[in-house]
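Colleague: Output the structure for:
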Amino acid sequence: MRQLVRIAAFVLGLSAIFPLYAEATPIVDQVFAPSSSSAIPAGLGQAAQTFTVGVSGTLVQIDVAAWLNPLGLDFPLLFDLRPVDGSGVPLNDPSTALVQRTIPRASVPTNQTPTPDQFVAVNLGLGVPVTAGDQFAIVLNGATGGSYGVFANSGDGYAGGDYFWNFQTGLWELRSGADFGFRTWIEPATTVAEPSTLLLIVTSVASVVLSRRNRRRH
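Modeller: Got it, this is the predicted structure:
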């Protein structure tokens, strides 16, 4: 009996040091696939789409429905993930960005006709911890006339956010009733194994030990 108690204490101790987490696989959380296109304002212009998180976990990737005018200047597409203010408007200061990425020009499709799979994937590295209900803004900047655009629809097709422009004024202008295409990927919050799982582990180890002891006696 003492042997069983020691085994149980050992297994539970290991579970405290090395928690048994369920494996998290990224899932699509928010998505909007438009059927028309809209140009990002040239020069210092920016386009932003806000969204609302639906699943708590870690935001690991955002796909944007963007296109490139091959006749434009050779500049990359700049990507920011920013917080929003209390009114749901993107913060204007780039230094507030939670993640910043440079999307190479060659990674952006030149097709200006929307297709269901025309998304440019932006990996967020270690990701951003999020909670259901949080709001963020995807901000795209054509970097001094890179001639980029996004696929967007009027009619408020995405209820969890809005499409904004910021064209050299330093202020975000709401494109009322419009949204541009995006898709978010989240690793759902992991969970520690249930007590029943730990009990099963303890029982299994104890059975193996007892079996070996009985063999030695006989």
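Colleague: Only C-alpha atoms from now on, for both contacts and neighbour counts.
Modeller: Will do.
Colleague: quick check: mean pLDDT across the longest strand anywhere in the chain?
Modeller: Secondary structure of the chain per DSSP state E: the longest strand is strand 120-130. The average pLDDT within strand 120-130 is 97.
Colleague: ditto for stretch 173-182
Modeller: The average pLDDT within stretch 173-182 is 90.
Colleague: And stretch 65-80, by the same measure?
Modeller: For stretch 65-80, mean pLDDT rounds to 86.
Colleague: Sort out which residues of it are buried, please.
Modeller: Neighbour counts over stretch 65-80 (16 or more other Cα atoms under 10 Å) mark 65, 66, 67, 68, 69, 70, 75, 76, 77, 78, 79, 80 as buried.
Colleague: what ranges do the helices span in the protein?
Modeller: For the chain, helices defined by DSSP state H occupy the ranges 2-17, 195-217.
Colleague: What is the neighbour count of the closest residue to residue 33 other than its chain neighbours?
Modeller: Ranked by Cα to Cα, 6 or more residues apart in numbering and with sequence neighbours excluded, the top spatial neighbour of residue 33 is residue 181, at 5.0 Å. Number of residues near residue 181 (other Cα atoms under 10 Å) recorded here: 26.
Colleague: Contact partners for residue 181?
Modeller: Applying Cα atoms under 8 Å, 6 or more residues apart in numbering to residue 181 gives the contacts 31, 32, 33, 34, 64, 65, 66, 150, 151, 152.
Colleague: Let's see that with 6 Å instead.
Modeller: Taking Cα atoms under 6 Å, 6 or more residues apart in numbering, we find residue 181 in contact with 32, 33, 34, 65, 151, 152.
Colleague: Restrict these to the buried ones and give me that as a ChimeraX selection.
Modeller: Provided next is the ChimeraX selection string for whichever of these are buried by 16+ other Cα under 10 Å:
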select :32,33,34,65,151,152
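Colleague: Just flag the most distant two among the contacts of residue 181.
Modeller: Longest distance between any two of the contacts of residue 181 is 10.0 Å, between 32 and 151; criterion Cα to Cα.
Colleague: beta partners of the residue nearest the centre of the chain?
Modeller: Centroid-nearest residue in the chain, with Cα atoms, centre = their mean: residue 59, separated by 3.0 Å. Per DSSP bridges, the residues bridged to residue 59 are residue 128, residue 186.
Colleague: before we move on, what about residue 152?
Modeller: For residue 152, the beta-bridge partners are residue 180 (DSSP bridges).
Colleague: and the gap between it and residue 94?
Modeller: Applying Cα to Cα, to the nearest Å, the value for residue 152 to residue 94 is 23 Å.
Colleague: Repeat that for residue 169.
Modeller: To residue 94, residue 169 is 15 Å away according to Cα to Cα.
Colleague: and what of residue 78?
Modeller: Plainly put, residue 78 is 11 Å away from residue 94 if you go by Cα to Cα.
Colleague: What of residue 185?
Modeller: Going from residue 185 to residue 94 by Cα to Cα gives 23 Å.
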